[in-house]
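S.K.: Predicted model, plus sequence, below.
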Amino acid sequence: MQQPAADRDLSYLHMLARQHPTIQAASSEIINLSANLHLPKGTEHFLSDIHGEYEAFSHVLRSGSGSIKRKIDELFGVELGDDERRELAALIYYPSQRLSILLRSIAEPEGWFRTTLFRLIRLCRVVSSKYPRAALREALPPDFATIIEELLHEQESIENKLEYYNSILNTIITIGSAEAFIVALAELIQRLQIAHLHILGDIYDRSPGAHRIMDDLLQYHSVDVQWGNHDILWMGAAAGGEACIANVIRISLRYGNLETLENGYAISLLPLASFAMHTYGDDPCDLFALKAMDGEAYTENELMLMARMHKAITIMQLKLESQIILRQPAYRMEDRLLLDKIDYEGATIHLEGKQHTLLDGRFPTIDPQRSFELSEGERNVLERLKFSFEHSERLQRHVRFLLSNGSMYRVYNGNLLYHGCIPMNSDGSFFIFIEDGRQYNAREYMDRFDRLVRQGYLASEADKKQAGLDAIWYLWGGRSRRYLAKRRWRPSSAISSPIPPRTMRR
């Protein structure tokens with residue numbers, strides 16, 4: 001039976017009264033909310049495909065992708081030269097580092113402090129103009145909150161106030177707090193310049209700083225994440241997904257990037273290294289040589305060891321993925337079952353009616369009669385690696401953040417945010433997925449996988465957890481994964497845009 005309208009209104013009023021107990025308090029909140037609607041919308045920042053590039057990621061956030069420099073040019077374009085404006089921008093991006101350099105060459109630091117503080121305060125007023133007073137207070141650094149709030153309240157044209165402001169700045173300089181105050185103002189400008197940050201996928205892999213990026217995101221004031229395929233792979237590994245673990249390690253070895261695994265997440269690869277040396281010690285593993293990133297330097301012995309580890313984990317990956325494909329026939333990936341099509345004595349493989357010679361025919365851990373099963377040594381290595389992933393406190397903290405602040409897609413301020421593609425037919429209609437006899441449109445399919453990802457990490461029942469983990473791997477390497485999981489798209493404009501067959505990328 002539906003609740004009468006009067007009763008519903010009364011229940012809402014009771015809830016409202018808990019937060020605003022008087023008519024005056026409720027009226028004040030209404031006034032504040034109405035006024036906030038007339039403020040300019042805060043700046044949203046979009047980043048995608050970071051792939052562990054911590055220095056580049058950090059610089060983009062510190063500089064607001066150059067927006068802080070543009071603000072400096074607009075505000076000080078007449079009174080400061082190009083070099084002075086660039087120096088001011090560098091000071092804001094890296095205040096502690098630049099201060100230690102600049103102060104060595106300044107003859108009269110007090111005058112420089114006063115001038116710099118005035119400039120930073122002026123700029124801070126500009127970037128804070130989009131924020132209501134309450135939101136600005138939340139952003140202020142605790143140690144200097146009261147002082148900064150006073151300085152940002154512009155009333156220098158009033159004679160008494162001008163003297164008041166000068167007194168504050170003089171005291172800051174006199175008591176030796178100018179450097180700390182400059183750092184606080186610079187970091188406040190950085191924060192205010194970006195109201196909300198969108199990470200449109202692929203934080204992980206290739207470069208060595210993904211764990212540092214995640215540490216920064218955990219502390220960021222306002223952020224959401226649309227999972228990329230590389231992020232989902234790490235989430236599956238953290239949940240204990242064996243195929244995901246094998247893929248994560250293989251990619252790290254392929255690019256010679258062990259920093260995130262070993263130093264970032266304290267995951268020991270010693271079991272794999274020992275197994276690889278014992279099993280592939282007489283194998284040069286030439287086809288598994290790493291693709292070294294710029295700046296990486298390894299000895300010849302290290303390169304050889306990593307190549308053998310790379311081959312060892314690759315064979316394990318092929319076995320584990322085959323098990324998922326057999327376990328999940330709905331994935332329709334039988335064409336990826338390769339190990340049972342190899343002639344191990346002749347070192348050939350039979351595919352689509354043709355015989356092909358293998359470039360590498362050494363497979364000491366594969367039993368031709370049970371080609372998809374892990375050997376005893378491989379199972380032992382995998383169990384130890386799995387334990388390391390599941391018990392890495394830092395990795396688990398980062399993945400919990402991705403689950404609580406992330407999703408397959410998000411609608412924010414009228415924009416659809418996602419990583420990858422939205423499947424479409426050549427006529428502009430959305431592609432329909434058919435699975436287990438049921439039809440799913442694109443949104444339903446993504447919602448389904450969003451639930452399965454969470455199920456793979458959170459479920460306590462073994463069968464549900466395994467189904468979730470299989471789905472996570474499918475998002476990484478499955479037939480339709482290229483559609484699911486960097487682009488910012490307005491649905492209204494996309495429908496009328498030229499659309500190539502099957503998929504649309506924006």
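M.R.: In hand now; what should we look at?
S.K.: Tell me which stretches of the stretch 251-400 of the chain form helices.
M.R.: According to DSSP state H, counting those that start in this stretch, the stretch 251-400 of the chain carries its helices in the segments 270-279, 300-327, 376-390, 393-405.
S.K.: and the last one, what's its mean pLDDT?
M.R.: Averaging pLDDT along helix 393-405 gives 98.
S.K.: Out of the helices of the stretch 251-400 of the chain, which is closest to Arg85?
M.R.: The closest of these to Arg85 is helix 393-405. By CB to CB, the value is 35.6 Å. Quick note: C-beta positions are derived from backbone N, CA and C, even for glycine.
S.K.: Give me the contacts around the next helix or strand after the closest one.
M.R.: Note on helix 393-405: by DSSP states H and E, the next helix or strand toward the C-terminus is strand 406-407. Residues lying outside strand 406-407 but in contact with it, judged by CB atoms under 8 Å, 6 or more residues apart in numbering, are 224-227, 231, 450.
S.K.: Out of the residues you listed, which sit inside strands?
M.R.: Where the contacts of strand 406-407 overlap with strands, as defined by DSSP state E, the overlap consists of 224-226.
S.K.: packing partners for the one helix or strand Ser100 maps to?
M.R.: Applying DSSP H and E as the criterion places Ser100 in helix 95-102. Other helices and strands packing on helix 95-102, by 3 or more CB pairs under 8 Å, 6 or more residues apart in numbering; DSSP states H and E, are helix 82-93, helix 178-193.
S.K.: quick one: that helix to chain centroid distance?
M.R.: Chain-centre distance of helix 95-102: 29 Å, with CA atoms, centre = their mean, to the nearest Å.
S.K.: do stretch 132-142 as well
M.R.: Computed by CA atoms, centre = their mean, the separation of stretch 132-142 from the middle of its chain amounts to 26 Å.
S.K.: returning to what we had before: so which of the helices and strands packed on helix 95-102 is the most packed in?
M.R.: With neighbours defined by mean count of other CB atoms under 10 Å, none of the helices and strands packed on helix 95-102 is more surrounded on average than helix 178-193, at a mean of 21.
S.K.: quick check: mean pLDDT across the helix or strand following that helix?
M.R.: Of the helices and strands lying after helix 178-193 in sequence (DSSP H and E), the nearest is strand 196-199. Throughout strand 196-199, pLDDT has a mean value of 95.
S.K.: partner strands of strand 196-199, parallel or antiparallel?
M.R.: Within its sheet, strand 196-199 is paired with strand 44-47 (parallel), strand 223-226 (parallel), according to DSSP bridges.
S.K.: Could you export those strands to JSON lines, including columns for distance to Leu290?
M.R.: Listed next are the strands paired with strand 196-199 as JSON lines, based on distance: least, CB to CB, whole Å:
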{"stretch": "strand 44-47", "distance to Leu290": "27"}
{"stretch": "strand 223-226", "distance to Leu290": "29"}
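S.K.: Tell me which of these lies nearest to Thr299.
M.R.: With CB to CB as the measure, strand 44-47 is the member of those nearest Thr299 (35.6 Å).
S.K.: CA atoms only: put the closest one into CSV for me.
M.R.: These are the backbone C-alpha positions of strand 44-47, laid out as CSV (Å, rounded to 0.1, in the frame of the first residue of the first chain):
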residue,chain,number,x,y,z
GLU,A,44,37.3,18.9,-14.3
HIS,A,45,40.6,17.3,-15.3
PHE,A,46,40.8,14.1,-17.5
LEU,A,47,43.8,11.8,-17.6
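S.K.: circling back: okay, the contacts of strand 406-407 in a markdown table with distance to Ala195 next?
M.R.: As requested, the contacts of strand 406-407 are arranged in a markdown table below (distance: CB to CB, whole Å):
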| residue | distance to Ala195 |
| --- | --- |
| Asp224 | 12 |
| Val225 | 17 |
| Gln226 | 18 |
| Trp227 | 22 |
| Asp231 | 23 |
| Asp450 | 26 |
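S.K.: sorry, back to before: in JSON lines: the strands paired with strand 196-199, plus distance to Pro109 and mean neighbour count.
M.R.: Formatted as JSON lines, the entries for these read as follows, by distance: least, CB to CB, whole Å; neighbours: other CB atoms under 10 Å:
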{"stretch": "strand 44-47", "distance to Pro109": "34", "mean neighbour count": "18"}
{"stretch": "strand 223-226", "distance to Pro109": "37", "mean neighbour count": "21"}
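S.K.: lowest-confidence stretch among these?
M.R.: For the strands paired with strand 196-199, the weakest mean pLDDT is recorded on strand 44-47, namely a mean of 93.
S.K.: chain center to that strand: distance?
M.R.: Relative to the mean C-alpha coordinate of its chain, strand 44-47 is positioned 12 Å out (CA atoms, centre = their mean).
S.K.: which residues are contacting it?
M.R.: Applying CB under 8 Å, 6+ apart, the contact partners of strand 44-47 are 57, 60-61, 64-65, 194-200, 412-413, 417, 488.
S.K.: Next SSE downstream of that strand?
M.R.: Reading on from strand 44-47 to the C-terminus, the next helix or strand found by DSSP H and E is helix 54-63.
S.K.: Going by neighbour count, list what's buried in that following helix.
M.R.: Within helix 54-63, the residues that count as buried by 16 or more other CB atoms under 10 Å are 54, 57-58, 60-63.
S.K.: Roughly how far does Ile199 sit from Ser222?
M.R.: Distance of Ile199 to Ser222, computed by CB to CB, to the nearest Å: 12 Å.
S.K.: of those two, who's got more company?
M.R.: Neighbours per residue, other CB atoms under 10 Å: of Ile199 and Ser222, the larger number sits with Ile199, 29 against 14.
S.K.: Could I get the contacting residues of the more buried one?
M.R.: Under the contact definition (CB under 8 Å, 6+ apart), the residues listed for Ile199 are 47-48, 50, 217, 223-226.
S.K.: swap in His278?
M.R.: With the criterion set at CB under 8 Å, 6+ apart, His278 makes contact with Gly377.
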